[in-house]
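J.: Below are the sequence and a predicted model; questions follow.
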Amino acid sequence: MIIAKLHKPVFIILLALCITPFIGAGSALVIGALFAITLGNPFAELSQKASKWMLKLAVVGLGFAVDFNQVIEVGRSSLVLTIVSITAIIGLGEILTQVFKLNRNTGVLISFGTAICGGSAIAAMAPVIKAKDHEVAVALGIVFLLNGVGLLLFPAIGHYFELTQEQFGLWAALAIHDTSSVVGASATYGAVALSIATTVKLTRAMWIIPYTTLAGVFMRSDEKASIPLFIVGFLLAALINTYVPSLSSYWELINIAAKQILVMTLFLIGSGLSLSVLKQAGIKPFLMAVILWIVVSSVILLLIIDGFI
């Protein structure tokens, strides 16, 4: 009875604590997940809606600490790498789908989410391939779990291999699924890592359109995806930050606020985890996704360490 009465207040207090500098990105995700698994999220539907908008707001705010010229340079220099890596990951995902004898749509969604930008890519591809609700739910659930693992493990692995901030930012952007976890992991590694990771990941997210369009041709679908508006917002923020330096103190404040909004967002994302999500994923799709992710992240890490990318 007491627990029931304190359920909602404790959730609100924990969310409020995420505004403070005492809770980091990784801790927020873990706290949210543990709360959801043990007590359940008392605001499940609201948390899901709020986290989506807060993530977009945070990403736009982070753009106020990025040099627009760097965005252009990173996008230009990583063009070939982006095309090759996305195509290779989707191809490997197709092979693993056949090996594990998975439902075709589920395999495509997991591969697409791994290759580009997690949940956003899955949501964009789903209507194109006419995926059923349970197929989308399985893919999103698995990607969510791996996002949490990546957010917690990647910084430790980066320090173990003594990656520079530039190297870690590139690795995180190429190997972690969702933008939220990419930003969260790189933010704990350093400001330079955060800038590079955010830029590379959002540049990569723009490839949702050509790849979903290509999939639509093969699937004979009329559905089309569009560039997420928060990417446009991020680019505009970077443009303003670069060419209106006289107001840099204000841009810095916006950036600081965006980082704290991101921490709150990760708490809400973590609170979306439940035992039903874990059960719904199933062992075969989960194993396929894990193997695909381990191969992709390991190969990219080795290429970065050896100086090939």
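T.: Noted; the coordinates are in hand. Numbers count the residues shown, from 1 in each chain.

J.: burial count for residue 40?
T.: Residue 40 is surrounded by 13 other residues when neighbours are defined as other C-beta atoms under 10 Å. Quick note: C-beta positions are derived from backbone N, CA and C, even for glycine.

J.: just to confirm, which helix or strand has it in it?
T.: When secondary structure is defined by DSSP states H and E, residue 40 falls outside every helix and strand.

J.: Look up phi and psi at it.
T.: According to degrees, to the nearest 10, the main-chain angles of residue 40 amount to phi 90, psi 150.

J.: In the helix ranked longest in the chain, which residues are buried?
T.: Counting residues, the longest helix in the chain under DSSP state H turns out to be helix 133-160. For helix 133-160, burial by neighbour count (16 or more other C-beta atoms under 10 Å) applies to 135-148, 150-152, 154-155, 158.

J.: Which residue comes closest to the most centrally placed residue in the chain once chain neighbours are left out?
T.: In the chain, the C-alpha closest to the average C-alpha coordinate belongs to residue 178, at a distance of 1.3 Å (C-alpha atoms, centre = their mean). In space, residue 178 comes closest to residue 118 once its chain neighbours are excluded; the distance is 3.4 Å by C-beta to C-beta, 6 or more residues apart in numbering.

J.: ok, now residue 231?
T.: The shortest distance from residue 231 to any residue that is not its chain neighbour, by C-beta to C-beta, 6+ apart, is 5.1 Å, and that residue is residue 202.

J.: from memory the one you found sits against residue 56, does it?
T.: No - in this structure, residue 202 sits apart from residue 56 without contact. The criterion is C-beta atoms under 8 Å, and the distance is 11.3 Å.

J.: Neighbour count: the two, which is higher?
T.: When residue 202 and residue 56 are compared on other C-beta under 10 Å, the one with more neighbours turns out to be residue 202, at 28 against 19.

J.: give the contact list for residue 188.
T.: Listed by C-beta atoms under 8 Å, 6 or more residues apart in numbering, the contact partners of residue 188 are 24-26, 155.

J.: between the residues you listed, which is closest to residue 90?
T.: residue 155 (27.3 Å; C-beta to C-beta).

J.: My understanding was that the closest one contacts residue 189; is that so?
T.: Yes - with contact taken as C-beta under 8 Å, residue 155 and residue 189 are classed as touching, separated by 5.3 Å.

J.: Please identify every residue contacting each of these two.
T.: Common contacts of residue 155 and residue 189 (C-beta under 8 Å, 6+ apart): residue 168.

J.: number of nearby residues for the closest residue to residue 295 other than its chain neighbours?
T.: Counting by C-beta to C-beta, 6+ apart, the nearest residue to residue 295 once its immediate chain neighbours are dropped is residue 92, at 6.7 Å. Other residues near residue 92 come to 18 when the count uses other C-beta under 10 Å.
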